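**Student:** I'd like to go over a predicted model; first the sequence, then the structure.
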Amino acid sequence: MLLPALNHHIHRRLPSFHLFFSLNLSTLSSHRHRLLPIAPLQFQSHQAGEENPYNLICEDPIQVCSDIWVRSFSRSHLHPSFPNLTGFLKKFDLWILAYQRSCAHQTGSFPPKNAIHVSELRSLLALSRSALSGRHPWGATTHLILRSPNDPPSIHRISKRKFLALLESSPPPFQDHVLQELLLLVLEPVFEPRFSSKSHAFRPGRSPHTVIRTIRSNFAGYLWFLKADLTDVADDFTPELIVSCLEKAVGDRKVVGLVKSALRTPVKVASGGEGKVLDKLTKRRMKRKMLRKSRKKKLLNENEPKPDPYWLRTFFSFAPEEANWVPRYGHCGILSPLLANICLNELDNWMEDRIVKYFRPSKLDSIWKESMDDGCHNPAWPEFVPSSGREKTRRMDYVRYGSYILVGIRGPREDAVELRKDLIEFCETRYGLRLENSKIEIEHITRGIQFLDHVISRRVIYPTLHYTATGGNVVSKKGLGTLLSVNASLNQCIRQFRKLELVKGDKDPEPLPCTPMLYSGQAHTNSQMNKLLETMADWYKYADNRKKIVGFCAYVIRSSIAKLYAARYRLKSRAKVYKIASRDLSRPLRESTRNASPEYSDLLRMGLVDAIDGVQFSHMALIPSCDYTPLPKNWVPEHEWVLREYIKLQDPKFFCELRKSVKHQELGVPQDDMAKIVWNFKVCGVFGRDNHDNNKQLG
């Protein structure tokens, strides 16, 4: 589904938001001779055209990326940094892959390698030479080495005033995006094995769902929770700090120099009416103008990509506060989230050391008596914790999503206060920024802790325990324990619907008509809302109140489009809409006119209209239940598990040990069994082998 990919979508599609403000950068390049002289980079681009770029295409870029991942996971964490990554930057196949990924972000389609024009390959080769020479102009809107496929050549002249206005408001150039993609392909596998398993944002195989499942499986039994917002600290990371953290794992000077120049090059800030103070009437007029503009149909250009559909835009407006934060450092672009994780990884390592030092087992407690991994959780209820004795085991756990951290503490509140003080000191000494006390909250489990739009709380249960006593008698006894509860926040859901103008009111919200779908047909509207409801149901997959929250969303959406249909087809109320179109709005609605027109069934038979799907989750029985599947112990994403198993297969010592263990346990290797079968067929034949097997069984 699409929800586990929410972090990946924000990470990869962030530059695509500039499509709505894109300008014709080719116009800027066609007029650059008015302001600046010809740069040496253009001369390099001319020289690059003399060489045939097809001669440099000799490898599979996917295989090259796979080799980087295998090489990174084969090295130990204490191994010195990568001394040479320039060799990967020199591979032209990786540049082509970065160009294809950038085109997918800009145009929405992944161009095949054979469809790339030779002029674009020559420009890409010139860009690679400028990057390897260390003189790449980050953020240059006039010295364009490589243009975006959305920028057609322009021959029209513009005035100097318009040209300067285009320079001020132009988006980041396409060539920067290609270089950022290449650096991401090279640096991401280098740092992935070094990252802590406690961080889940901007990483492959991890998502908000893995955070919720980790909390459900590992945070049972904690009394105090510390929730901290490090957004102000992470947004102000200095280039020197980022480069120092980068150099701990990367020793290549050219790669570090490219990142350093991207961080230190000043970013142009668009100047447009920031200091103006608008009165209420002007703000109201501007709001109405923008609303009319949003409702008006927009004609797309020939090469302009289609915007995201309504259901996807609506769903991403439901993104929780923790998932909305995406860092931006200089001209790093899509490389910024990786750099943020590199810097915050030191906080993860510091917290892991604190967790080990804080652990203090107690024999009187019913869980974690000796080690941190000997929890006595019921396998049927992974978050069930038996009641403790007079003295509790001191234990701590930690999880981070982006710049937001959550710490669970099993101990007194004084330990949480001390941890908050140490966390502030660590941020001040390591990052040079002081964390405000208001950004760190300490809450008890009974009050409920909100994280990723889910409320973490607990409830007391009294399960019946059956065991065999002395003499073989079966005793049934009432037990006492707590069950961790992870519920979706209904109030937060109402606030998000209110921002979308689909409901009004707080305590008893009233649905409003879905005006953005005013010009869409009934079949298209129902299909859009079904996709939205499916995605919402998947987002709340691990919430205890999944049926309740998804049922509320289905009620709001179904009522909203029913009001829209009542206005569109000139019906007076939702009741008449439900009476004609049924509860799930699957029957066709027609506006009453005197003109004779074919029936909907005839139009459907001729293929002139689309089939109308009913709105999902019209009954509570149709909503799926919560998924209580716990995360396995020492869980890792599937791609990491595959990589480590592949690395084991490359080691000849592993095969020798495996063969010895198989022979020691008197088991047969598959190759030996196949050899015996072939030998029996050659010597005894089919019937002889069958008689031999029968005699062996009888014996």
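**Tutor:** Sure thing, it's come through.
**Student:** in stretch 350-363, what's buried?
**Tutor:** Residues of stretch 350-363 classed as buried under the neighbour-count rule (16 or more other Cβ atoms under 10 Å) are 350-351, 354-355, 358, 361-362. Just so you know, the C-beta spots here come from the backbone N, C-alpha and C atoms, and that holds for glycine as well.
**Student:** helices - which of the residues you listed land there?
**Tutor:** Helix and strand membership here follows DSSP state H; of those, those in helices are 350-351, 354-355, 358.
**Student:** show me the strands in the stretch 251-400 of the chain, by range?
**Tutor:** Under the criterion DSSP state E, counting those that start in this stretch, the stretch 251-400 of the chain carries strands at the ranges 384-386, 395-401.
**Student:** repeat for the chain
**Tutor:** All strands of the chain, identified by DSSP state E, fall at 224-229, 384-386, 395-401, 404-410, 440-444, 449-451, 454-461, 464-468, 474-478, 481-488, 503-504, 510-511.
**Student:** pipe the ones you listed into TSV and attach mean pLDDT per row.
**Tutor:** Compiled in TSV, the strands of the chain are given as follows (pLDDT from 0 to 100):
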stretch	mean pLDDT
strand 224-229	95
strand 384-386	72
strand 395-401	94
strand 404-410	95
strand 440-444	94
strand 449-451	93
strand 454-461	90
strand 464-468	77
strand 474-478	82
strand 481-488	88
strand 503-504	91
strand 510-511	92
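**Student:** got those strands as CSV, with mean neighbour count and distance to F110 columns?
**Tutor:** Listed next are the strands of the chain as CSV, based on neighbours: other Cβ atoms under 10 Å; distance: least, Cβ to Cβ, whole Å:
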stretch, mean neighbour count, distance to F110
strand 224-229, 21, 37
strand 384-386, 20, 47
strand 395-401, 23, 29
strand 404-410, 23, 33
strand 440-444, 16, 44
strand 449-451, 21, 36
strand 454-461, 17, 35
strand 464-468, 10, 58
strand 474-478, 9, 61
strand 481-488, 20, 35
strand 503-504, 16, 39
strand 510-511, 15, 39
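**Student:** tell me which of the ones you listed lies nearest to F318.
**Tutor:** Closest approach to F318 among those (Cβ to Cβ): strand 481-488, 10.9 Å.
**Student:** now the strands of the stretch 251-400 of the chain in a markdown table, with distance to C656?
**Tutor:** Converted to a markdown table, the strands of the stretch 251-400 of the chain look like this (distance: least, Cβ to Cβ, whole Å):
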| stretch | distance to C656 |
| --- | --- |
| strand 384-386 | 44 |
| strand 395-401 | 39 |
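**Student:** and of these, who's closest to R558?
**Tutor:** Nearest to R558, of all the strands of the stretch 251-400 of the chain, is strand 395-401, at 32.0 Å by Cβ to Cβ.
**Student:** S170 contacts T142, correct?
**Tutor:** No. At 9.6 Å, S170 does not count as touching T142 under the criterion of Cβ atoms under 8 Å.
**Student:** restrict stretch 435-444 to CA atoms and write it as CSV.
**Tutor:** Backbone C-alpha positions of stretch 435-444 (Å, rounded to 0.1, in the frame of the first residue of the first chain) are rendered in CSV as follows:
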residue,chain,number,x,y,z
LEU,A,435,17.4,22.7,23.1
GLU,A,436,14.5,24.5,24.8
ASN,A,437,12.8,22.9,27.8
SER,A,438,9.4,23.5,26.1
LYS,A,439,10.5,21.1,23.3
ILE,A,440,10.8,18.2,25.8
GLU,A,441,7.7,16.7,27.4
ILE,A,442,7.6,14.2,30.2
GLU,A,443,4.3,12.3,30.5
HIS,A,444,3.0,9.4,32.5
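**Student:** what does that stretch rub up against?
**Tutor:** Contacts to stretch 435-444, defined as Cβ atoms under 8 Å, 6 or more residues apart in numbering, come from residues 223-230, 232-233, 413, 416-417, 420, 423-424, 427-428, 449.
**Student:** return the closest of the buried residues of stretch 350-363 with respect to T107.
**Tutor:** Where the buried residues of stretch 350-363 are concerned, and distances follow Cβ to Cβ, T107 has its nearest neighbour in M351, at 42.0 Å.
**Student:** distance of that closest one from E640?
**Tutor:** To E640, M351 is 21 Å away according to Cβ to Cβ, to the nearest Å.
**Student:** now do A131
**Tutor:** For A131, the distance to E640 - Cβ to Cβ - is 30 Å.
**Student:** so which of those two has more stuff around it?
**Tutor:** Neighbours per residue, other Cβ atoms under 10 Å: of A131 and E640, the larger number sits with A131, 23 against 17.
**Student:** how many neighbours does the nearest residue to that one once chain neighbours are set aside have?
**Tutor:** Closest residue to A131 in three dimensions, ignoring its sequence neighbours and counting by Cβ to Cβ, 6 or more residues apart in numbering: L179, at 5.7 Å. Applying the criterion other Cβ under 10 Å, we find 26 residues in the vicinity of L179.
**Student:** so L179 sits against L258, correct?
**Tutor:** Yes. Taking Cβ under 8 Å as the contact criterion, L179 and L258 are neighbours in contact, 7.3 Å apart.
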